[in-house]
Each structure stands twice: as C-alpha cells, then as structure tokens.
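**Q** here is the input, now give the coordinates:
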Amino acid sequence: MQAHWARYLCVLTSGLVENIVRHLYGAYVVKNSYSPAVVRYTKKQLDGVQNPRPARLVEIAAAFDAKWGRDLDAYLALEYRSEAINAIMTNRHAIAHGRSSNVTVGQVKLYLSKIVEVAEYIELQCQL
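**A** The predicted model follows:
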C-alpha cells in the first residue's frame, strides 16, 4: 500500500512543478505587463510546459531575465535540488508509462521539500 501511495504522491509532485512554473511566472507577467495580449500570450506559452526538468526551469527563468537563469541554475546545483526534480520527473515518467518505480514515501517527501525550496526561490526572483 505504501508503494502505491508513493507512486501517487510522485505523480502529484511532478504536477506541482508544472503548476509552480505556470503560477509564479504567470503572476509575474500579470503584475509587470500593461498589455493584456502579452499576458495572454505568456500564459499560453507557460501552459505548454510539461514535466520540466532543471534545464527547462533555467531556460524559462532566463527567458524572463538572463541573470535569473544563471542564478537559478546555480541554486538548483546546490543541496540536491536539481537531483530531486530529476528524480520526480524520471519516476513520474516510469509510473505514467506502466513501468516499475521503486520510489518511496520518504524519497517523495525529501524531493517535495527541495521543490518547495525552488518554488520559494523563483517567487523571490519574481518579487511576488
């Protein structure tokens, strides 16, 4: 039963990473753009982000500000953050395609704590 819950939590956590990108950068655009068309366009582009790995997160941050991308890349490299995101995405992919995954509830809890750190960092970058 715990293995089942671990897989379920892993999939939910991967969705959280997608929602972090959409929500935080979307809020940044709403706050800083005077053009409804720019807001609509940017949000539409962010809606297309699926299963973002660390390199994709850096690419998105850099699209807003090159320094954000460099700083986020450096932040992700510290304290197992990049590895946590990669592990969640790798396990989610295996689970979604019916392959085995040995992810545990304890691992998902650790990965989630690192993802929350990344979300808080992006929120600071966006000054939200």
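**Q** who are the packing partners of the biggest helix by length in the chain?
**A** When the chain is scanned for its longest helix (criterion: DSSP state H), the result is helix 105-125. Helices and strands touching helix 105-125, as assessed by 3 or more C-beta pairs under 8 Å, 6 or more residues apart in numbering; DSSP states H and E, comprise helix 2-20, helix 54-64, helix 66-76, helix 81-96. In short, each C-beta sits where N, CA and C put it, glycine included.
**Q** off-centre distance for the second one?
**A** Relative to its chain's centre, helix 54-64 lies at 10 Å (C-alpha atoms, centre = their mean, to the nearest Å).
**Q** could you do stretch 54-71 as well?
**A** Offset of stretch 54-71 from its chain centre (C-alpha atoms, centre = their mean): 12 Å.
**Q** over to stretch 44-60?
**A** Per C-alpha atoms, centre = their mean, the centroid offset for stretch 44-60 relative to its chain is 8 Å.
**Q** pull out the buried positions in it.
**A** For stretch 44-60, the neighbour count (16 or more other C-beta atoms under 10 Å) marks 46, 49, 51, 52, 54, 56, 57, 58, 60 as buried.
**Q** what about the closest residue to residue 29 other than its chain neighbours, helix or strand, and which?
**A** Leaving aside its sequence neighbours, residue 29 sits nearest to residue 42 (C-beta to C-beta, 6 or more residues apart in numbering; 4.5 Å). Element membership for residue 42 (DSSP states H and E) is helix 36-47.
**Q** elements contacting that helix?
**A** helix 26-32.
**Q** so which elements touch the helix it packs on?
**A** Applying 3+ C-beta pairs under 8 Å, 6+ apart, we find helix 26-32 packed against helix 36-47.
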